[in-house]
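>>> prediction below, plus the sequence it came from.
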Amino acid sequence: GIDIHSIISSWDGVGLAADLVTVGKDTYIGNAPHLNLVTVDHISRKITFSSTKIGDKAFIGPYSLLAQGCVVEDRAAVSAMGVLSPHEIVKTGTTRVGFGS
């Protein structure tokens, strides 16, 4: 597996380090997926970071979108151009096709 360490800059120029993505062993991640890991409330000026977990032997299709807080369990899949809603869980042995719940 792998942990992805991100450096994120806020609008005031302060860098924030966050460990936001965990990817399991033997997992395939296709070309150009988008992981949305940050929610910004412009009214309250609050930034919320949400981690994403991708399990062992999972499949993340090309051009897919994983919203903040998603979990793709072991041996689960997200299709090409699949879209997961915030905090959605793709259960072991299932495939998410199209838009999230």
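Looks like it came in fine.

>>> which residues touch the nearest residue to T94 once chain neighbours are set aside?
With C-beta to C-beta, 6 or more residues apart in numbering as the criterion, T94 has its nearest non-adjacent residue at 5.6 Å, and that residue is A76. Where C-beta positions appear, they are placed from N, C-alpha and C, glycine not excepted. If a contact means C-beta atoms under 8 Å, 6 or more residues apart in numbering, then A76 has 55, 58-59, 90-96 as its contacts.

>>> just the buried residues of the residues you listed.
55, 58-59, 90, 96 (16 or more other C-beta atoms under 10 Å).

>>> pick the one among these closest to G82.
Closest approach to G82 among the buried ones among the contacts of A76 (C-beta to C-beta): R96, at 5.0 Å.

>>> and L35, how many neighbours?
Neighbours of L35 under the rule other C-beta atoms under 10 Å: 20.

>>> now swap in the one 4 residues further on and tell me
Number of residues near T39 (other C-beta under 10 Å) recorded here: 14.

>>> and it, how far is that from F49?
Per C-beta to C-beta, to the nearest Å, T39 is found 8 Å from F49.

>>> show me which helix or strand of the protein is least confident by mean pLDDT.
Every helix and strand in the chain was compared by mean pLDDT, DSSP states H and E; the lowest is strand 2-9, with a mean of 50.

>>> contacting residues around L66?
Contacts of L66 (C-beta under 8 Å, 6+ apart): 33-36, 52, 60, 72, 78, 84.
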